[in-house]
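1. below are the sequence and a predicted model; questions follow.
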Amino acid sequence: MDQEKFDEEFKKLWEESPLSHSDNEKEASWEQFHAKTFAQKKRRSRPWHYYSAAAVLLFVLIGTGIYFNTESSNENAVVTENVIENLTSKIKHVVLPDSSKVELGPNSKIIYGNNFALNRKIEIDGEAYFKVKKDKQHPFQVFCDETTTTVLGTSFTVKESENEEITVELFEGSVQMNIKGQNQKWILKPGDKFTYANQMASITEFSRFIDFDNEKLSVISNYIEKNYGYKVNIPEENLGQKITIRINKKEDLKTIVQLISEMYNLKFEINEDLKQITFQ
């Protein structure tokens, strides 16, 4: 096939691509592309030039479809570039490139792209608690099976059970829920629990707080050790002291520690290496 014949076939395929642009726009786009791609240069004739052009054609036809279709889709939402798995029986703490924090549950994993700071899309398999850094310019989206959680706030959990039931519990802020193939959207407020199972969605309430009513400080220390993984050392003379307090189940550990410190006039030290908190 000579150069003139190839140009004609190439232009024919270009004009047949499924675009909604006018003929004038197509012609102008073709002329611009042709001028750049097939500029006249003094060079020896080589067979691989035609193979290269064919590759460019394939890229243009595929790339053009992507370029002019700006609607978002759940399919291929995240390019598998970074996979973090938790194969242990304890919670794994992860800091994402945008400084958002994840508490990854046992036997769970998350997947996100190298450009995450600009394209904050993340897939989850299992269970995770997200504390998202606010960024109005770059929405934070979590994909789990057929559901998409778009973060409008900061603090929530996403869980997929073995029977493929998806639950989202919102602790702070707000999130928007979408289901693949459906136009309906659900906006959650703190205390809302979104459940999707058997192609049915529902919203119920859940308790996002835990109450300690006239409990000993030793009970609080056991709670911290079980839910945050830090051993707590409290002076013996304070162990029997009583406390009445309501705590957000996903409250920052340091906030709880500071509260106890102020209530009982105790100093504290947190040893991150030993995962240990010492009051004195």
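-> The structure has been received and is ready for your questions.

2. how about the helices in the chain?
-> 3-16, 23-37, 48-68, 217-228, 253-263 (DSSP state H).

3. quick check: buried residues in stretch 231-248?
-> Under the neighbour-count criterion of 16 or more other Cβ atoms under 10 Å, stretch 231-248 has Val232, Ile234, Asn238, Ile243, Ile247 buried. (Glycine included, C-beta is placed from N, CA and C.)

4. so for the nearest residue to Asp98 once chain neighbours are set aside, what's the pLDDT?
-> Nearest residue to Asp98, sequence neighbours excluded (Cβ to Cβ, 6 or more residues apart in numbering): Ala117, at 4.8 Å. pLDDT recorded at Ala117 is 85.

5. likewise the one 4 residues further on?
-> pLDDT, the model's per-residue confidence, is 94 for Lys121.

6. neighbours around it, how many?
-> 21 (other Cβ atoms under 10 Å).

7. so it versus His138, what's the distance?
-> Distance, Lys121 to His138, using Cβ to Cβ, to the nearest Å: 10 Å.

8. what does Glu103 give?
-> On the measure of Cβ to Cβ, Glu103 and His138 end up 22 Å apart.

9. of those two, who's got more company?
-> Legend: neighbour count by other Cβ under 10 Å for Glu103 and His138, higher for Glu103 (19 against 15).

10. what residues does that one make contact with?
-> The neighbours of Glu103, taking Cβ atoms under 8 Å, 6 or more residues apart in numbering as the test, are Ile91, Lys92, His93, Val94, Ala128, Tyr129.

11. okay, and for the stretch 51-200 of the chain, where does confidence drop off?
-> Applying pLDDT under 70 to the stretch 51-200 of the chain flags the ranges 51-80, 153.

12. which one is the spatially most central residue of the chain nearest to, not counting chain neighbours?
-> Taking Cα atoms, centre = their mean as the criterion, Ile122 is the residue nearest the geometric centre of the chain, at 3.1 Å. With Cβ to Cβ, 6+ apart as the criterion, Ile122 has its nearest non-adjacent residue at 4.4 Å, and that residue is Tyr112.

13. burial measure for the one you found, as a count.
-> 24.

14. surely it meets Glu81?
-> Yes: in terms of Cβ atoms under 8 Å, Tyr112 counts as a neighbour of Glu81; the distance is 7.3 Å.

15. contacting residues around stretch 186-199?
-> Taking Cβ under 8 Å, 6+ apart as the rule, stretch 186-199 contacts 145-147, 152, 156, 163-177, 179, 201-208.

16. please apply the same query to stretch 119-128.
-> Contacts of stretch 119-128 (Cβ under 8 Å, 6+ apart): 77-78, 86, 96, 98, 100, 102-113, 116, 135, 138-144, 157-160.

17. which parts of that stretch are buried?
-> Asn119, Arg120, Lys121, Ile122, Glu123, Ile124, Gly126, Glu127, Ala128.

18. pick out the most distant pair among those.
-> Asn119 and Glu127 (23.6 Å; Cβ to Cβ).

19. okay, domains of this protein per the record?
-> With domains defined by automatic domain parsing, the chain comprises 3-68, 82-205, 209-279.
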